[in-house]
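1. fold the stuff below for me.
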Amino acid sequence: MHGPTPADDRTRVAVVVPCYRCKAQVMRVLSGIDNTVWRIYVVDDACPEGTGDWVSLQTQDARVQVLRHEHNQGVGGAMVSGYKAALADGADIVVKLDGDGQMDPALIGRFIAPILQERADYTKGNRFFTLNSLQGMPRMRLFGNAVLSFIAKLSTGYWSLFDVTNGYTAIHARVLPYLELDRVSKRYFFETDMLFRLGTLRAAVVDVPMDAVYADERSNLKVARVLPEFAAKHVINLFKRLAYNYFLRDLSVASLELVAGSLLLSFGVVFGLSTWAQALSSGVPTPLGTIMLSALPTLVGLQMLLAFIGHDVAQQAQRAIHPLLPPTKAQANRVDAA
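-> This next block holds a predicted model:
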């Protein structure tokens, strides 16, 4: 296994800290960020506690810049502002670190290592890596994350990932301009929507094991409230992903398996249920030929869809794309100036 790779003097690592109702924890978070980080963007997302003003008064760290929103935009909106500021300043890697104390700043090196080693374009935390790390996680949050992680495998195409709502992430700056940041979901669906958009680029994403930390923070995420919204957005992203990857950008045997399998399975199930209902109402046994007319398309369609899923799993990106992408404008200007 590759160990953490420290950023050298030429690598600019920026940290974005979205803040909303985290005044009590944010200074502890900022104090834990070591000197390998080049710049820190604290985004006050119209926080009613005035977290941005508090940070400006309390910090003496020259790396810290406070960005302020006049209106609350959600964690995604805060991150988009941070990403844009980091891009404009010439950052190479941008880390997302929440201000509520749930994410250990000491792990930043672990998150940027796969990117520096060109094994990943994007890394994210995984609190489900070991059973011991789950003991402190509230049961409702554990259940919600498990359900959403499974659904996200379908909608994003990243079948090997888990804990998709984990907000501890790092991304190479060269990938950011291709994600259409202004169209990324602004609320709690942000992390999952980022994975969907990364999937359309075939960017390599790596899970980073981490422990769950729950202390005196107050979570603004209510799992029961967001589950219906998340489910609807997952369905939309699923159809977008399938249309783009298997019909617009490419057409393969898997595309035919998806179409034929869906049609056969749908016909078999609908025809079987209708004939079964008719047999119940009339009291006349269903002929064997009619049963086979339902069973055969159902079995063949199911087999074709399973073959398609196998193909989809195998298509998950394994190689980083950022070495192939041009530098951002600020990066190019930095090189020219040097």
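2. ok, and what's touching stretch 62-73?
-> 20, 30, 37-46, 52, 55-56, 77-78, 80-82, 85, 186 (Cβ atoms under 8 Å, 6 or more residues apart in numbering). For every residue, glycine as well, the C-beta is placed using N, CA and C.
3. got the contact list for stretch 309-328?
-> By Cβ under 8 Å, 6+ apart, stretch 309-328 touches 87, 90, 115, 118-121, 157-160, 172-178, 199, 201-205, 245, 252-254, 257, 332, 335.
4. helices of this structure, start to end?
-> 23-31, 51-58, 74-89, 108-116, 139-156, 190-201, 223-243, 253-282, 288-314, 329-337 (DSSP state H).
5. returning to that earlier point: out of the contacts of stretch 309-328, which end up buried?
-> Buried members of those, scored by 16 or more other Cβ atoms under 10 Å, are 87, 90, 115, 120-121, 157-158, 172-176, 199, 201-205, 245, 254, 257.
6. re earlier: and of the helices of the chain, who's closest to residue 168?
-> helix 108-116 (6.8 Å; Cβ to Cβ).
7. what is the rounded mean pLDDT of the closest one?
-> Averaging pLDDT along helix 108-116 gives 97.
8. what about dumping the CA coordinates of that helix to CSV?
-> Coordinates of each C-alpha in helix 108-116 appear next as CSV, following Å, rounded to 0.1, in the frame of the first residue of the first chain:
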residue,chain,number,x,y,z
ILE,A,108,-5.2,15.9,5.0
GLY,A,109,-2.0,14.3,3.9
ARG,A,110,-3.7,11.0,3.6
PHE,A,111,-6.4,12.5,1.4
ILE,A,112,-4.0,14.2,-1.0
ALA,A,113,-1.5,11.3,-1.3
PRO,A,114,-3.4,9.3,-4.0
ILE,A,115,-3.8,12.5,-6.0
LEU,A,116,-0.1,13.4,-5.7
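9. any idea how far apart the tips of stretch 27-39 sit?
-> Taking Cα to Cα, to the nearest Å, stretch 27-39 runs 15 Å from one end to the other.
10. let me fix that, I meant to ask about stretch 62-77.
-> 24 Å.
11. which parts of it are buried?
-> Going by 16+ other Cβ under 10 Å, stretch 62-77 has these buried residues: 64-69, 73-77.
12. over to stretch 22-29?
-> 22-27, 29.
13. which one of those residues is nearest residue 273?
-> Using Cβ to Cβ, those come closest to residue 273 at residue 22, 51.8 Å.
14. I'd like to know how far that closest one sits from residue 101.
-> Separation of residue 22 from residue 101 (Cβ to Cβ, to the nearest Å): 7 Å.
15. repeat that for residue 233.
-> Relative to residue 101, and taking Cβ to Cβ, residue 233 is found at 28 Å.
16. go on, residue 23?
-> In terms of Cβ to Cβ, residue 23 sits 11 Å off from residue 101.
17. cool, residue 38 as well?
-> 23 Å.
18. now residue 182
-> Relative to residue 101, and taking Cβ to Cβ, residue 182 is found at 30 Å.
19. ditto for residue 293
-> Applying Cβ to Cβ to residue 293 and residue 101 gives a distance of 61 Å.
20. try residue 57
-> Counting by Cβ to Cβ - residue 57 and residue 101 are separated by 19 Å.
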